[in-house]
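Enquirer: here is a sequence together with a model predicted from it:
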Amino acid sequence: MPELPEVEVVRRGLADHVLHRRIAAVTVWHPRAVRRHVGGVADFAGRLAGRTITGVRRRGKYLWLELDVSAAGDDAVLAHLGMSGQLLVADSGRAGEKHLRVRIAFDDDGPELRFVDQRTFGGLSVHPLTPAADGGLLPEPVAHIARDPMDPSFRLDDAVAAIRRRRTGLKRALLDQTLVSGIGNIYADEALWRARLHWARPTETLTRAQGRAVLSAAAEVMAEALEQGGTSFDALYVNVNGASGYFDRSLNVYGQADRACRRCGTPIRREPFMNRSSFSCPRCQPRPRRAHG
């Protein structure tokens, strides 16, 4: 699934193309695309028609479009990209994509916004904005999501303390979006390699310095990925113009099983982890004597 850099690439593209534009009409081509919207297809389209997009926001891996105030109050369109969801900006005269699910047209007759989703695991839905515990307004379903390491208001020491209290494996804690958001399987492995820490390291044995090191490494690697348009392992991960990122060429451990570690030359190992895989260097990241699988 797309992680923070990939979602931020999309957010920036949307901010360039749809911000401050008024929605003229919405067409839902597949009801599964709005299945998370409680009111159904007609209500979803009706809630958006005539509304202006006033903000394009992100927290961690979650993205939403803020709308101007209506009679119902502040609300936003929450976009869940899932495994294959794409938000594309396209000229209105361009033929619809094969897996086009939702089309949003604007009253200036300019480029429209399209939600394309091959596997239909993603979707769009409208939700009220609600105050988050750490400040700010978020759509209700994601109000519990923690800030990410690239957020200007992110508190590094508070996040380290929360991770050390969790009593689990370090990578599991990094993937827990209620502790720190935005980090997925790819960037967790990359951050752990940079910090020289094993993914199964018990969080209760983590020093504050180690905690700061791995979260700083996560911020660093995600910033580098963002500069290169994110990581695209298949053609489904694209920006609003349909272009893929190329950070996959810079990955040090993720997907590099049996290749030499760029730091010490030891072959990278691949281990099962939560129905996925973890990649690490046996020499740079030795497995702790006591580990959480």
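Expert: That came through fine.
Enquirer: pretty sure residue 149 contacts residue 212?
Expert: No: counting by Cβ atoms under 8 Å, residue 212 is not a contact partner of residue 149; they are 10.6 Å apart. C-beta coordinates here come from the backbone N, C-alpha and C atoms, glycine included.
Enquirer: show me where pLDDT drops low in the chain?
Expert: 71-73, 231-239, 242-247, 249, 293 (pLDDT under 70).
Enquirer: does residue 103 lie in a helix or a strand, and which?
Expert: strand 100-106 (DSSP states H and E).
Enquirer: wait, is residue 190 part of a strand?
Expert: No: going by DSSP: H, G, I helix; E, B strand; the rest coil, the assignment for residue 190 is helix, not a strand.
Enquirer: list the contacts for it?
Expert: Neighbouring residues of residue 190 by Cβ atoms under 8 Å, 6 or more residues apart in numbering: 217, 218, 221, 251, 252, 253, 254.
Enquirer: please say which of residue 149 and residue 212 ends up with more neighbours.
Expert: residue 149 (25 against 16; other Cβ atoms under 10 Å).
Enquirer: nearest spatial neighbour of the more buried one, chain-adjacent residues omitted?
Expert: residue 219 (3.8 Å; Cβ to Cβ, 6 or more residues apart in numbering).
Enquirer: pretty sure that neighbour is in a helix, no?
Expert: Yes: judged by three-state DSSP, residue 219 forms part of a helix.
Enquirer: hang on, it packs against residue 147?
Expert: No: using Cβ under 8 Å, residue 219 is not in contact with residue 147; the gap is 11.5 Å.
Enquirer: need the overlap of contacts for the two.
Expert: What both residue 219 and residue 147 touch, as defined by Cβ under 8 Å, 6+ apart, is an empty set.
Enquirer: rewinding a little: the strand holding residue 103 pairs with which strands, parallel or anti?
Expert: strand 23-28 (antiparallel), strand 112-117 (antiparallel) (DSSP bridges).
Enquirer: list the buried residues in the helix or strand following the first one.
Expert: Scanning the chain past strand 23-28 towards its C-terminal end, the next helix or strand to appear is helix 40-48 (assignment: DSSP H and E). If you call a residue buried by 16 or more other Cβ atoms under 10 Å, then helix 40-48 has these buried ones: 41, 44, 45, 47, 48.
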